[in-house]
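Predicted structure and sequence below. I'll ask about it afterward.
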Amino acid sequence: MDNSPNGTMARIILARHGQTAWNVDKIFRGRSEVGLDDVGTKQAELLGRYLGSFKLEAIYSSPLKRALHTANIIAGYQKVGVQVAQGLTDLDFGEWQSLPEQEVRRQYPALLDEWHNNPGKVRIPGGESLEDVRARAIEVMNDVVSRYEGNVLLVSHRVVVKVLICSLLGLDNSGFWSISQDVGAITVFDHSAGRFVLTRHNDTCHLRALQESGLDDI
């Protein structure tokens, strides 16, 4: 029901892409191109079927193929295509990119601890900070809410979705580890009168047909 003062409301659905082998193996992905594994493809299909009951006005996706594949599967259940948004691409993990977590621990022990304890203060060597991600992701979000008054899906990555959630809730990036976003999960905000209201978070009800992955937040 639309209860906004001016009779208009946008519903923003933030989706994390489906599972990849690198999620399972705890490898830092970043801008590396890694595709969905079989489980991730099934997650995307289940999410697409679930969102089929929503009339999406637009679908935006990160340009990386794990997100784009997820978005295109979902689009198969809709009457809209996928728009690529560079601002939704994953955090540039720089020198950590494509390394297993245990190797990052060996090479950068102090910085990895800082990443786990004070993520908002870390700039990955050769890569980005969470503030960099926030700036570009919010630019996409502002464009979306200026264009649409219905349901809009944004398909992106763990880091981007979590940073967006912090921002829309008025939290700084220190809250990064206080939020989870599972592979294939959705988080929903309603936007009206300039305010974002969280209505659903890390929802995986559509994935019940699959066994719980039990993946750590990486």
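Right, received. Where do you want to start? Residues are numbered from 1 along each chain as shown.

so how far is residue 157 from the residue nearest to residue 116 when sequence neighbours are not counted?
For residue 116, ignoring the flanking residues on the chain, the nearest one in space by C-beta to C-beta, 6 or more residues apart in numbering is residue 177 at 7.0 Å. Any C-beta I mention is one placed from the backbone N, CA and C, and that applies to glycine too. Look at residue 177 and residue 157: by C-beta to C-beta, to the nearest Å, they are 16 Å apart.

Which of these two has more residues huddled nearby?
Neighbour count, other C-beta atoms under 10 Å: between residue 177 and residue 157, residue 157 has more, with 23 against 14.

who's in contact with the more buried one?
Residues counted as contacts of residue 157 (C-beta atoms under 8 Å, 6 or more residues apart in numbering) are 16, 17, 29, 62, 64, 67, 88, 89, 90, 91.

and the longest helix seen in the chain, what does it pack onto?
The residue-count maximum for a helix in the chain (DSSP state H) belongs to helix 130-147. Applying 3 or more C-beta pairs under 8 Å, 6 or more residues apart in numbering; DSSP states H and E, we find helix 130-147 packed against strand 10-16, strand 56-61, strand 151-156, helix 158-168.

Could you list every helix and strand that the longest one packs against?
If I follow you right, that is helix 158-168. With contacts taken as 3+ C-beta pairs under 8 Å, 6+ apart, helix 158-168 sits against strand 10-16, helix 130-147, strand 186-192, strand 195-203.
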